[in-house]
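Peer 1: this one's structure only:
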């Protein structure tokens, strides 16, 4: 199963990388989605490649082949990417 998902990711994205976005969602928001659901949203989003402990109660897993790391211009090395 994992190999199949990996094959799909490489077919959809050129050299994908994994990022996370921790956030606090309003009540009822999660009712619109289910675990494992894949969404495609071609917008800018801040995320991090440092996948450590949670900093908020909800986490999105983001897969992108075009994220830009801002470590060189950020004052803190949080792994911030857009």
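Peer 2: Alright, I've got the coordinates. This structure is a prediction, so every number in the text was calculated from the model and none was measured. Numbering: from 1, shown residues only.
Peer 1: for the rest of this, base every contact and every neighbour count on C-alpha atoms.
Peer 2: OK.
Peer 1: just the pLDDT for the closest residue to residue 45 other than its chain neighbours.
Peer 2: Among residues not flanking residue 45 along the chain, residue 82 sits closest, at 5.4 Å (Cα to Cα, 6 or more residues apart in numbering). Note on residue 82: pLDDT of 90.
Peer 1: and what of residue 2?
Peer 2: Here the pLDDT value assigned to residue 2 is 61.
Peer 1: any idea of the pLDDT on the residue nearest the centre of the chain?
Peer 2: The centre of the chain sits closest to residue 62, judged by Cα atoms, centre = their mean, with a distance of 2.0 Å. At residue 62, the model reports a pLDDT of 89.
Peer 1: distance of it relative to residue 75?
Peer 2: 23 Å (Cα to Cα, to the nearest Å).
Peer 1: isn't the residue nearest to residue 45 up against residue 67?
Peer 2: Yes: with contact defined as Cα atoms under 8 Å, residue 82 and residue 67 form a contacting pair (5.4 Å).
Peer 1: contacts only, for residue 22.
Peer 2: If a contact means Cα atoms under 8 Å, 6 or more residues apart in numbering, then residue 22 has 54, 55, 56, 57, 58, 59, 60 as its contacts.
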